[in-house]
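K.L.:
task: produce atomic coordinates for the following.
(3 chains)
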Amino acid sequence: MEGSSAGVRKGAWTEEEDILLKKYIEKHGEGNWHQVSSKAGLNRCRKSCRLRWVNYLNPNIKRGAFEDDEVDLIIRLHNLLGNKWSLIAGRLPGRTANDVKNYYNTHLLKKNVDRSFDPDLRLNPSDPKFNTKVIKPRPQILSKKNFVICSDEYMKINTMAAAESTSTPTSNNFLDENGEIMWWENLMMNEDEVDYHQQQGLTDDIDLSVLGEQTANEKLEAIDEDNCDTLGELYLDDELWNVIDP
DNA sequence: AAATTATACAACCGCCGCATT
DNA sequence: CAATGCGGCGGTTGTATAATT
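P.N.:
The predicted structure is shown next:
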């Protein structure tokens, strides 16, 4: 059964173990983790081998401090998705889910980062409560019936812009003319956020007509669970799911 | 300088979904 | 249909290092 293997090494990996694992994967590729330890001459369980590769030895991993745009994206995606670290990491080339989780828990959790997209909750940094209260990700209810969506033409243009961008390695984000990632906000704004954008005069590229008169609870009731994937508190249809995780 | 506390992050654990038998 | 094994995920812990007292 899981985790019942006795006599295998635990704890920090030695340089020799790293070399053995690296050499094995360079020769045979990733996968078949149950065979890796024996074939590579390692006295480690399959999970330990996989984790060491995925989180540390893989040459594609990006080292060093998180850049400002990465932090910004983590905050925005966490606000949207909650603790879906692998999904969030999937939008950050070279960053692992463990890295993102660790960064969030140590650098962002104790700050009021989740307030940043809710104008009703946003505080002035001088407010004594600014660094004390933690706001959980708000449920976002989305379905083909009611989420705000850009036109196909708009998506094409922004996908092309993303593909042509040299500053952003991924081609799956939607960028504005300044190279800012914006798909998350255009596709997933709730009514409060739409109101805020209207106040700020930022509604040009948003189709507001689909919001209609529904309250949040009515939207929740309107969701056909058979047609939507469930992701924690977030309900996604296939179309939107493909945007987040192509 | 030593002791204590806080921080960062590597690693482990238990659980889950899926495929296979 | 149930049992089993696998890869993968998120929560949590352990520990080395840095900062503070």
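K.L.:
look up phi and psi at A:Asn102.
P.N.:
A:Asn102 has phi and psi values of phi -60, psi -40 when expressed as degrees, to the nearest 10.
K.L.:
any idea how far DNA strand B is from it?
P.N.:
4 Å (Cβ to the nearest atom of the strand, to the nearest Å). Glycine gets a C-beta too; all of them are placed from N, C-alpha and C.
K.L.:
now do stretch A:69-85, average pLDDT.
P.N.:
The average pLDDT within stretch A:69-85 is 91.
K.L.:
do it and DNA strand C meet?
P.N.:
Yes. For stretch A:69-85 and DNA strand C, the contact criterion (Cβ under 7 Å from any atom of the strand) is met by A:Asn83, A:Lys84, A:Trp85.
K.L.:
in a strand, the first one, correct?
P.N.:
No. Secondary structure assignment (DSSP: H, G, I helix; E, B strand; the rest coil) places A:Asn83 in coil, not in a strand.
K.L.:
and it, how many residues sit next to it?
P.N.:
Using other Cβ atoms under 10 Å, A:Asn83 has 14 other residues around it.
K.L.:
quick check, A:Gly41 in contact with A:Leu20.
P.N.:
Yes. If you go by Cβ atoms under 8 Å, A:Gly41 and A:Leu20 touch, sitting 5.6 Å apart.
K.L.:
so these two - more neighbours on which side?
P.N.:
Ranked by neighbour count (other Cβ under 10 Å), A:Gly41 and A:Leu20 place A:Leu20 first, with 20 against 13.
K.L.:
can you give me the distance of the more buried one to A:Trp53?
P.N.:
Remark: distance between A:Leu20 and A:Trp53 (Cβ to Cβ, to the nearest Å) = 11 Å.
K.L.:
show me what counts as buried in whichever strand or helix holds A:Asp72.
P.N.:
Assigned by DSSP states H and E, A:Asp72 belongs to helix A:68-81. Buried residues in helix A:68-81, counted by 16 or more other Cβ atoms under 10 Å: A:Glu70, A:Val71, A:Leu73, A:Ile74, A:Ile75, A:Arg76, A:Leu77, A:His78, A:Asn79, A:Leu80, A:Leu81.
K.L.:
state the pLDDT value of the nearest residue to the first one once chain neighbours are set aside.
P.N.:
Translated: A:Glu70. Residue nearest to A:Glu70 in three dimensions, not counting chain neighbours: A:Leu92, with 5.6 Å by Cβ to Cβ, 6 or more residues apart in numbering. As predicted, A:Leu92 sits at a pLDDT of 93.
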